[in-house]
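Q: how would this look folded up:
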Amino acid sequence: MSTRPLLIVSTGAPPPPIRARFGDYTGWFLHAMGWPRGQAHVVGVDRGETLPSPQEVCGAVITGSPAMVSERLDWSERTAAWLRAAMDARRPLFGVCYGHQLLAHALGGRVDYHPQGREIGTQSIERLGTDDALDALAPLPPRFAAHTTHLQSVLEAPAGARVLARSAHDPHQILMYGDCAVTTQFHPEFSSDNMRAHIRLRAAALRAEGLDTAALLAAVQPTPWARRLLRGFARRCSGSVAPGTRCAAA
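A: Next up, the predicted model:
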């Protein structure tokens, strides 16, 4: 295990009914990664807490959020600047949903509401070719299941980003930057019960949007391949860096 802590960049909190049952975002990620809470440093950037120097951590996870990147909130823009510094320092980064979108925004991509509206539920993710840096985290199959819930998306990936997976709804499900930073629009930290709870919580809105909540619930399934990405990232941050990668994790 690295002598530096893993940074959890917490960009918000789950809706109260979800939090009451499943806890906070930090717990979801640490459980999915198999990472001890005592070896993690959690910073609530949406609450104005200060991020450490990138050199003080072995890597960082940037969580999802109820906020929208397009709002350009002060705390979000400060976090975007920190992410650029972390990229310069070659720290391992893993962004999810809001974190996925925020890193794309920080590096010059375009984020906004998806023109076809919401994506929610367990989706089929199609891998786009092979990539050595992604394979060092988890050698994903050509198609795998992953949980999703989002209104905004990366509409234009930044220059230099590699687009490594898509769904029928969203063409930017996995983005990779160099060897060290990977982001997912889908939620590898979600359990199946968590996904069902999100669908049930938003049932009225989903019906108003013309979505079939019963079909969405019936389609929920385990997503072990998606979770393997987080486990691979944990191995990288712990110091078990795959040969050929050049991340400054330890």
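
Q: per-residue confidence at Cys247?
A: Cys247 carries a pLDDT score of 74 in this model.

Q: three-state assignment of it?
A: Secondary structure assignment for Cys247 (DSSP: H, G, I helix; E, B strand; the rest coil): coil.

Q: how much space between the residue nearest to the spatial centre of the chain and Gly210?
A: Nearest to the geometric centre of the chain sits Val96, at 1.1 Å (Cα atoms, centre = their mean). Per Cβ to Cβ, to the nearest Å, Val96 is found 27 Å from Gly210. In this view, the C-beta of every residue, glycine as well, is placed from N, C-alpha and C.

Q: shaky segments in the protein?
A: 1-2, 240-246, 248-250 (pLDDT under 70).

Q: and the helices in it?
A: Ranges of helices in the chain, per DSSP state H, are 16-22, 25-33, 74-88, 98-106, 132-137, 192-201, 203-208, 213-219, 224-237.

Q: between these, which one is closest to Val43.
A: Ranking the helices of the chain by proximity to Val43 (Cβ to Cβ) places helix 74-88 first, at 9.2 Å.

Q: who touches that closest one?
A: 9, 11, 45-46, 48, 51, 54, 60, 62, 67, 69, 93, 102-103, 105-107, 177-178, 180-181 (Cβ atoms under 8 Å, 6 or more residues apart in numbering).

Q: pick the most buried one from the helices of the chain.
A: helix 98-106 (a mean of 27; mean count of other Cβ atoms under 10 Å).

Q: whichever of the contacts of helix 74-88 end up buried, select them in ChimeraX.
A: Selecting the buried subset of the contacts of helix 74-88 in ChimeraX, with 16 or more other Cβ atoms under 10 Å as the burial test, is done by:
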select :9,11,45,46,51,54,60,62,67,69,93,102,103,105,106,107,177,178,180,181
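
Q: quick one, what contacts Val111?
A: For Val111, counting by Cβ under 8 Å, 6+ apart, the contacting residues are Val69, Ser70, Gln101, Leu102, Ala104, His105, Gln152, Ser153, Val154, Leu155.

Q: so the last one is in contact with Asp112, correct?
A: Which is Leu155. Yes - using Cβ atoms under 8 Å, Leu155 is in contact with Asp112, at 5.6 Å.

Q: distance check, Asp135 against Gly12.
A: For Asp135 relative to Gly12 (Cβ to Cβ), the value is 31 Å.

Q: what do you get for Thr213?
A: 24 Å.

Q: now do Gly99
A: 11 Å.

Q: would you mind grabbing the residues shared as contacts by these two?
A: What both Gly99 and Gly12 touch, as defined by Cβ under 8 Å, 6+ apart, is the set Thr63, Gly64.

Q: quick check: closest non-adjacent residue to Gly117.
A: Leaving aside its sequence neighbours, Gly117 sits nearest to Glu209 (Cβ to Cβ, 6 or more residues apart in numbering; 6.2 Å).

Q: also Asp112?
A: Closest to Asp112 by Cβ to Cβ, 6+ apart is Ser70, at 5.1 Å.

Q: quick one: Val69 and Phe22, what's the gap?
A: 24 Å.

Q: how about stretch 130-149, which residues are buried there?
A: Buried, per 16+ other Cβ under 10 Å, within stretch 130-149: 131, 133-134, 136-138, 140, 144-149.

Q: farthest pair within those?
A: It's Ala136 and Thr149 that sit farthest apart of the buried residues of stretch 130-149, by Cβ to Cβ, at 27.8 Å.

Q: residues contacting stretch 196-208, please?
A: So stretch 196-208 is contacted by 15, 17-18, 21-22, 118, 120-121, 149, 190, 213, 216-217, 220 (Cβ under 8 Å, 6+ apart).

Q: can you rerun that using 10 Å?
A: Under the contact criterion Cβ atoms under 10 Å, 6 or more residues apart in numbering, stretch 196-208 has outside partners 14-18, 21-22, 118, 120-122, 147-149, 187, 190-191, 209, 211-214, 216-217, 219-220.
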